[in-house]
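# let me see the structure of the following:
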Amino acid sequence: GDIEDKLLIERGKIDEKNLDRAAGILLASFASALIFSLLAVYFIARELQIRLRSQKELSDHEEDFRKAIASIKDYAVVQLDKDGNILSWNEGAEKIEGYKPFEIIGKNISSLYSTEDVKKNYPAELLKKAGEMGCVEEENSRVRKDGSRFLADSVVTVLKSENGKPRGYVEVTRDVTEVRDTQRLQLRENAAQLRALMENANDAIYLLGADGQVISSNLQGLKMLGVTREELIGKTYVEFAAPHEWDSAKNYMGRIAEGEKLAPEVVDLLPPDGRTIFVEFSLVLIDLEDQKVYMAIGRDVTERKLAEAQLKKTEERLRESQKLEAIGQLSAGIAHDFNNILNVVSGNGELLLLDMTEDDPRREELEEIQKAVLRGSQLTQQLLMFGRRDVSQPVVLDVNGVISDTVKMLSRMIGEDIELIVRGSQGLDLIKADPIHIQHILMNLLTNARDARPVGGKILVETRNAKFTEDYPKGNELVPKGDYVL
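Okay, the predicted model is just below:
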């Protein structure tokens, strides 16, 4: 019994210890939970406090922003709903538009536009464009409360909801009437100064529209074309430029419009009086009274171009002269050698004629040989003269006689298939010339006529007297009036 009592006492002690331990553990757990709960409440309260403070600060900032917007006087800042109805109205809007807030808030933005613009649905189109682009800026005409109009520079920005659809708009408007009026006045003053400079310029100056139409011209420009201002204004450049210049002029203007810097170009112009003039043009694009125009500065370089052409022609003549001189030197050398051969033939022919009687049947043929030798000698003399180793020897002669003396040789030269007809005028005047020159002219004329009729035919050589009562034009030269043989 004592042992059992001891066991019971010991077990009781153990249960008390376990109970104390369990109570301690439970108390510790409760304390921890309480501490965490208190901490959670603290942090939640702190977060709420921070949020409330942030919301208050944000509300304060928004209020400050609204006050700042409302106090702006130089710009009209207006908030609109998605349908364009006015939600807010600042001091600037009241100053510019003339409406008090209570008079305009709740009305549609179209109330600020003219009847014409409302009929065109311009206000709604402006908001639609802002909704599509995010932000749009345009200048438009507005109507104040008193009915007066002003030029407004408006920037409309769309406000979108989370789904991306417009929930409203903000419009910022500035009255730019005075600014634009000042700009226009300045442009008019600049235009007046430009016209004054144009009129006093020594060069021709034209103002052209985008299509090449003449807007204005100075006096020098009118003088160069030989037209009046009424005859020029409204015409296009193609009416004065040569046809081959049209495409290049259009291309030149297009490149200037794209911003290229091009060197001056020479253009052929055809004034109404029938002249052809060469004008060196410089072209620039300028702003004149709210529009882009071309300013063409032209200088008449006709004399320079003609001088250049004459110089080129002179250089060509010099080159031809040098060629002819070289050919002349060569032909003169050949003529000397050929003349020596002819002298031998002529000498032997003379000896044969001395041995023949007058009725010798061969005498006529030998005399023809001697005549041919004589003509050959004359040709060598011409070659020598061409080579500048001999001089012309003019004598008084009858052109008909020179033609008759050479007709047999000329007939052989042109061929048997062409009939050569010679009609010498009776009473033909005598002239003073080198007979070799006359023969050379006949040879050239007959050769050209033969080449023009390769299949045969007739060639007529005719002479007559002629009298020019006034200077007769021949190419770029004049034949003096007087008596001539043709």
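# going forward, measure contacts between C-alpha atoms and count neighbours the same way
Fine.
# name all residues that make contact with Leu397.
430-433, 435 (Cα atoms under 8 Å, 6 or more residues apart in numbering).
# who wins for most neighbours among these?
Greatest neighbour count in the contacts of Leu397, by other Cα atoms under 10 Å, goes to Pro435: 22 neighbours.
# roughly how far apart are it and Gly424?
Distance, Pro435 to Gly424, by Cα to Cα, to the nearest Å: 16 Å.
# same question for Ala201.
Counting by Cα to Cα - Ala201 and Gly424 are separated by 66 Å.
# same deal with Gly298?
Going from Gly298 to Gly424 by Cα to Cα gives 59 Å.
# neighbour-wise, which of those two wins?
More crowded of Gly298 and Gly424, by other Cα under 10 Å: Gly298, with 24 against 16.
# you'd agree that one is in a strand?
Yes: Gly298 sits within a strand when classified using DSSP: H, G, I helix; E, B strand; the rest coil.
# what sits closest to it if chain neighbours are left out?
Nearest non-adjacent residue to Gly298, counting by Cα to Cα, 6 or more residues apart in numbering: Phe281, 4.4 Å away.
# could you export stretch 120-136 as PDB, CA atoms only?
Taking Å, rounded to 0.1, in the frame of the first residue of the first chain, the C-alpha atoms of stretch 120-136 are listed here in PDB:
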ATOM      1  CA  LYS A 120     -19.700  72.100 -91.700                       C
ATOM      2  CA  ASN A 121     -19.500  70.000 -88.500                       C
ATOM      3  CA  TYR A 122     -16.000  71.400 -87.900                       C
ATOM      4  CA  PRO A 123     -16.000  71.200 -84.000                       C
ATOM      5  CA  ALA A 124     -17.100  67.500 -84.000                       C
ATOM      6  CA  GLU A 125     -14.500  66.700 -86.700                       C
ATOM      7  CA  LEU A 126     -11.800  68.400 -84.600                       C
ATOM      8  CA  LEU A 127     -12.600  66.200 -81.600                       C
ATOM      9  CA  LYS A 128     -12.800  63.100 -83.800                       C
ATOM     10  CA  LYS A 129      -9.400  63.900 -85.200                       C
ATOM     11  CA  ALA A 130      -7.900  64.400 -81.700                       C
ATOM     12  CA  GLY A 131      -9.400  61.000 -80.600                       C
ATOM     13  CA  GLU A 132      -7.700  59.300 -83.500                       C
ATOM     14  CA  MET A 133      -4.400  61.100 -83.300                       C
ATOM     15  CA  GLY A 134      -4.200  61.600 -79.500                       C
ATOM     16  CA  CYS A 135      -3.500  65.300 -80.000                       C
ATOM     17  CA  VAL A 136      -4.200  67.800 -82.700                       C
END
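# show residues contacting it.
Residues contacting stretch 120-136 (Cα under 8 Å, 6+ apart): 84, 109-110, 113, 117, 155-158, 166, 169.
# what's the pLDDT at Leu80?
The per-residue pLDDT reported for Leu80 equals 91.
# list the residues that contact it.
Applying Cα under 8 Å, 6+ apart, the residues contacting Leu80 are 86-88, 109, 168-171.
# helices along the chain, start to end?
2-71, 91-97, 101-104, 115-119, 122-133, 177-199, 219-225, 229-232, 246-257, 302-355, 363-386, 399-414, 435-452 (DSSP state H).
# look up the closest residue to Gly212, ignoring the ones flanking it.
That would be Thr236: by Cα to Cα, 6+ apart, it lies 5.3 Å from Gly212.
# neighbours around that neighbour, how many?
Using other Cα under 10 Å, Thr236 has 16 other residues around it.
# next: Val402.
Val402, neighbours per other Cα under 10 Å, totals 15.
# quick one: it and Gln439 touch, right?
Yes: between Val402 and Gln439 a contact is recorded at 7.4 Å, counting by Cα atoms under 8 Å.
# which other residues reach stretch 140-153?
So stretch 140-153 is contacted by 96-99, 112-114, 137-139, 154, 173-177 (Cα under 8 Å, 6+ apart).
# now do the contacts for the closest residue in space to Lys95 that isn't next to it in sequence.
Once flanking residues are discounted, Lys95 sits nearest to Lys73: 6.7 Å by Cα to Cα, 6+ apart. Each residue near Lys73 by Cα under 8 Å, 6+ apart is listed here: 90-93, 95.
# centroid-nearest residue for this protein?
By Cα atoms, centre = their mean, the chain has its centre lying nearest to Tyr252, at 1.0 Å.
# just to revisit the earlier point, and which of the contacts of stretch 140-153 is nearest Thr228?
Taking Cα to Cα as the measure, Thr228 sits nearest to Thr177 out of these, at 38.9 Å.
# could you count how many residues lie near that closest one?
For Thr177, using other Cα under 10 Å, the count is 15.
# for the nearest residue to it once chain neighbours are set aside, list each beta-bridge partner.
What sits nearest to Thr177 in space, not counting adjacent residues and going by Cα to Cα, 6+ apart, is Leu151, at 4.8 Å. Counting by DSSP bridges, Leu151 forms beta bridges with Ser141.
# give me the pLDDT for Leu151.
You'll see Leu151 listed with a pLDDT of 88.
# tally of neighbours for it?
19.
# check Leu219 too.
Leu219 has 19 neighbouring residues, counting by other Cα under 10 Å.
# repeat for the one 3 residues further on
The number of residues packed near Leu222 is 18, by other Cα under 10 Å.
# that one contacts Arg229, doesn't it?
Yes: using Cα under 8 Å, Leu222 is in contact with Arg229, at 6.7 Å.
# tell me the phi and psi of Ser148?
phi -70, psi 160 (degrees, to the nearest 10).
# from Ile104, how far out is it?
Taken as Cα to Cα, the span from Ser148 to Ile104 is 17 Å.
# the two: which has the busier surroundings?
Ile104 (21 against 9).
# the more buried one reaches Ile86, doesn't it?
Yes: using Cα under 8 Å, Ile104 is in contact with Ile86, at 7.2 Å.
# list the beta-bridge partners for Met295.
Leu207, Val284.
# cool, the one 4 residues further on as well?
Beta-bridge pairing of Arg299 under DSSP bridges involves Glu280.
# circling back: what distance do you get for the residue nearest to Lys95 to Arg144?
16 Å.
# low-confidence ranges in the stretch 351-486 of the chain?
Along the stretch 351-486 of the chain, the parts satisfying pLDDT under 70 run over 378, 381-392, 406-416, 444, 447, 453-454, 471-478.
# great, nothing more from me.
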